[in-house]
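**Q** structure of the sequence below:
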Amino acid sequence: MRPMVPLSIDTDPWRALLSRSDIRMHDGILHVVDDTSTPSIAERDDLLTAASAIEAAGVRVLLVRDANRRPKLVVDTADAEAALTALRDPELGPIYLKARGEDPVPAHSVHPSAGSVQAYAVFRPRTSTEGSYRYGASLAPRLELWRFGEKTIEAPRPSALTRRRFAAADLDLVEIERYGRRWMTVSGMFDPHPNEFTAVLLREKIAISMDGKGCWRDNVFVECLWRPVKYEEVYLNAYTSVPEARAGIGGYIGSYNAVRPHSALGGRTPNQIYFDQPLLTAA
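**A** Residues are numbered from 1 along each chain as shown. Down below sits the predicted model:
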């Protein structure tokens, strides 16, 4: 862990926090004394605290996650100062922000350039009663400032679903429930990741493949599906956005399963075979 910037207690707006019994100064850094919270509980607590404070200031917050499923709060660069001002409230405790490659600093010391995309770990350092380090920046949720342009959206880092730069037309927002509350997020952001399925299979000692590595039989069935999807749908349509592609491919697969008879299935559809459903009439 990189050393955090010590406080100058004589002038620091956090000096009143030292009167709290659950706050301790160590090497010039304010820590929350906590013997019970696990790192995952501390991460969730800091995520919810930061989000609530920012939203109370009238700033919209999106919830996304990175490729490692770490949660990230997203705020428009236009609202950066209002969001950071909300995190400077001493009532929230000692909130630190850490930019990549930089030392963690108190939230009231962070003043990003106007319109600049940034990413920070947002956290309240935790220590045990005995003084052992329990939680810090490496385990904390992230706060990211995205630039929402008319045509392009720019982020400091890729997310689990989006790149650093992507078309504004591809931003499809939906509401989900996570961490005991409702959030706005990017459609598909929290769809199950393959690793989440394989981890369960490995934990339960279930074989993921019955065949050997590189065996054609592992892929033959799905390849029989992908070929008509590509040649009958994808290659015939010049999608202009992700939502359009999702709707087109989704409609094709729905028809493939429920409407289109298959000679290999005796003139029946996959849904008839799997669900014993009657044949639907094509539109």
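
**Q** next one: the closest residue to residue 39 other than its chain neighbours relative to residue 96, how far apart?
**A** Leaving out its chain neighbours, the residue that sits closest to residue 39 by Cβ to Cβ, 6 or more residues apart in numbering is residue 139, at 4.6 Å. Where C-beta positions appear, they are placed from N, C-alpha and C, glycine not excepted. Here residue 139 is placed at a distance of 13 Å from residue 96 (Cβ to Cβ, to the nearest Å).

**Q** residues near residue 185, how many?
**A** 20 (other Cβ atoms under 10 Å).

**Q** isn't the residue nearest to residue 39 right up against residue 43?
**A** Yes - Residue 139 is within contact range of residue 43, at 6.0 Å (criterion: Cβ atoms under 8 Å).

**Q** could you pull out the buried residues of stretch 72-87?
**A** Neighbour-count burial for stretch 72-87, counted by 16 or more other Cβ atoms under 10 Å, picks out 72, 73, 74, 75, 76, 77, 79, 80, 83, 84, 86, 87.

**Q** again with stretch 166-173
**A** Neighbour-count burial for stretch 166-173, counted by 16+ other Cβ under 10 Å, picks out 166, 170, 171.

**Q** thinking again about what came up before, who's in contact with the residue nearest to residue 39?
**A** For residue 139, the contact set (Cβ atoms under 8 Å, 6 or more residues apart in numbering) comprises 39, 42, 43, 123.

**Q** out of those residues, which are inside strands?
**A** residue 123 (DSSP state E).

**Q** among the contacts of residue 139, which one sits closest to residue 252?
**A** Closest approach to residue 252 among the contacts of residue 139 (Cβ to Cβ): residue 43, at 40.2 Å.

**Q** distance of the closest one relative to residue 148?
**A** Applying Cβ to Cβ to residue 43 and residue 148 gives a distance of 26 Å.

**Q** noted, bye for now.
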